[in-house]
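Colleague: Prediction below, plus the sequence it came from.
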Amino acid sequence: MDPVAALRRISFLLERQLAPTYRVKAFRTAATTIAELSPQDVARKARSGTLTGLPGIGAKTALVVEQAVAGRVPDYLADLEANATPVVSGGEDLLAALRGDLHSHSDWSDGGSPIEEMAITALELGHEYLALTDHSPRLTIAHGLTAERLEQQLDIVASLNERLAPFRLLSGIECDINEDGTLDQTDELLARVDIVVASVHSKLRSTSAVMTARMLTAIENPHTDILGHCTGRLIAGGRGQRPPSQFDSAAIFAACAEQSVAVEINSRPERLDPPMELLAEAVAAGCLFSIDTDAHAPGQLDFQAYGADRAQRAGISADRVINALPVEALLAWTEEV
């Protein structure tokens, strides 16, 4: 078995089960180290027991490499595979109709993996496209992208698309909705990227009137394609719990329908946003939707099943989900709106 593939697969499965970051990082770091060596060098070091002399290789990762080089599935990987189950039961038909994911993060902001690793994992999962939507500059805690860094990232996206075609890595940004409702990036760059996810990340406990005005302004911005995790709630996970923001949901979803802004069905298990009662309101208002993972690591790209299950239970059909569109139709839609 290819030792790099084994290490990457272990990382993916650990991320999928929300394992601690340090554990995932150990296997991803080891995969990077091994990938830089020739297969002959790897085999020689595995046979001589000297793998742990390499940077980033510990006893556990060395054993994975040794067992892979010996032609067997590493025990660590076999155990993870044996315990891997579908993330959720339900929504399979809608999940199968999805062609891509329109909200993901790399290590350019607060994600844990390089852009290429995110793109390749999406490709391996069968996606036709993935939107790279790192944070905007205001979100300093997430190392948000300045205009200069976003421009650099656009060049990397273009380069990767040349190598990964026909898979498409879409350029994008998760843009903070400022307190006055403006978007946290220049109009010029917002016009250049393929996908703009507009999200509130601050002052989530504002009054309903203040939050509604703020969100409406962002929805009416011609650059906004998707309204991200609209309530900002947290229902589980390491960051604890957070109640949903208060806003006039009828006004917000009516504006989304009128402006052709898709309501995100955020699939992260600690978010599952919007709640089912608000999702039903958005369906009744005639909204379009985007079923996204908000993945911050490659293994989290598998979380889309959570959103597909909730969307299917809400009666949402694939023709109302923008990431069920082929990529050219999706990009035509973003240009239109």
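Modeller: All right, it came through fine. Numbering: from 1, shown residues only.
Colleague: only C-alpha atoms for contact and neighbour calcs from this point on.
Modeller: Noted.
Colleague: where do the strands sit along the stretch 201-337 of the chain?
Modeller: 226-227, 262-266, 289-292 (DSSP state E, counting those that start in this stretch).
Colleague: among those strands, which is nearest Ala119?
Modeller: Set against Ala119 and scored by CA to CA, the strands of the stretch 201-337 of the chain come closest in strand 289-292, at 14.7 Å.
Colleague: then that closest one to PDB, C-alphas only?
Modeller: The C-alpha trace of strand 289-292 is given here as PDB (Å, rounded to 0.1, in the frame of the first residue of the first chain):
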ATOM      1  CA  PHE A 289     -30.300  26.900  -1.000                       C
ATOM      2  CA  SER A 290     -26.600  25.900  -0.900                       C
ATOM      3  CA  ILE A 291     -25.700  22.800   1.100                       C
ATOM      4  CA  ASP A 292     -22.200  23.400   2.300                       C
END
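Colleague: average model confidence for it?
Modeller: Mean pLDDT, strand 289-292: 98.
Colleague: for it, packing partners?
Modeller: strand 262-266, helix 304-313 (3 or more CA pairs under 8 Å, 6 or more residues apart in numbering; DSSP states H and E).
Colleague: Out of the strands of the stretch 201-337 of the chain, which is closest to Glu277?
Modeller: Of all the strands of the stretch 201-337 of the chain, strand 262-266 comes closest under CA to CA, at 12.6 Å.
Colleague: With just CA atoms, put the closest one into CSV.
Modeller: Provided in CSV are the C-alpha atoms of strand 262-266 (Å, rounded to 0.1, in the frame of the first residue of the first chain):
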residue,chain,number,x,y,z
ALA,A,262,-29.1,31.3,-1.6
VAL,A,263,-29.6,30.4,2.1
GLU,A,264,-26.8,28.2,3.3
ILE,A,265,-27.7,24.9,4.9
ASN,A,266,-24.5,24.7,7.0
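Colleague: quick check: angle from that strand to helix 304-313?
Modeller: 120 degrees (axes from the mean of the first three to the mean of the last three CA atoms, to 10 degrees).
Colleague: For strand 262-266, which outside residues touch it?
Modeller: 225-230, 253, 256, 272-274, 282, 287-294, 307, 311, 322 (CA atoms under 8 Å, 6 or more residues apart in numbering).
Colleague: Over that strand, what's the mean pLDDT, rounded is fine.
Modeller: 98.
Colleague: Stretch 41-58 now?
Modeller: Across stretch 41-58, the average pLDDT comes to 97.
Colleague: got it, and stretch 13-20?
Modeller: 89.
Colleague: quick one on the thing from earlier: between the strands of the stretch 201-337 of the chain, which one is closest to Tyr76.
Modeller: strand 289-292 (29.8 Å).
Colleague: one step back: derive a PyMOL selection command for the buried subset of the contacts of strand 262-266.
Modeller: Filtering the contacts of strand 262-266 down to the buried ones (16 or more other CA atoms under 10 Å) takes a single PyMOL command:
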select buried, resi 225+226+227+228+229+230+253+256+272+273+274+282+287+288+289+290+291+292+293+294+307+311+322
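Colleague: where do the helices sit along this protein?
Modeller: 3-16, 21-35, 39-48, 59-69, 75-83, 92-97, 115-124, 147-164, 187-192, 208-220, 249-259, 276-284, 304-313, 327-336 (DSSP state H).
Colleague: The ones you listed into CSV, with extra columns for distance to Asp180?
Modeller: Shown next, in CSV, are the helices of the chain (distance: least, CA to CA, whole Å):
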stretch, distance to Asp180
helix 3-16, 36
helix 21-35, 35
helix 39-48, 56
helix 59-69, 49
helix 75-83, 47
helix 92-97, 36
helix 115-124, 31
helix 147-164, 20
helix 187-192, 16
helix 208-220, 6
helix 249-259, 16
helix 276-284, 24
helix 304-313, 30
helix 327-336, 24
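Colleague: give the contact list for the closest residue to Leu190 other than its chain neighbours.
Modeller: Spatial nearest neighbour of Leu190, chain neighbours left out: His223 (6.2 Å); criterion: CA to CA, 6 or more residues apart in numbering. Residues counted as contacts of His223 (CA under 8 Å, 6+ apart) are Asp187, Leu190, Ala191, Val196, Val337.
Colleague: Isn't the second one up against Val197?
Modeller: Read that as Leu190. No - the pair Leu190 and Val197 does not pass the contact test of CA atoms under 8 Å, sitting 10.3 Å apart.
Colleague: who's more crowded, those two?
Modeller: Each of Leu190 and Val197 has its neighbours counted (other CA atoms under 10 Å); Val197 has more, 27 against 20.
Colleague: Check whether that one really touches Leu183, as I assumed.
Modeller: No - at 10.0 Å, Val197 does not count as touching Leu183 under the criterion of CA under 8 Å.
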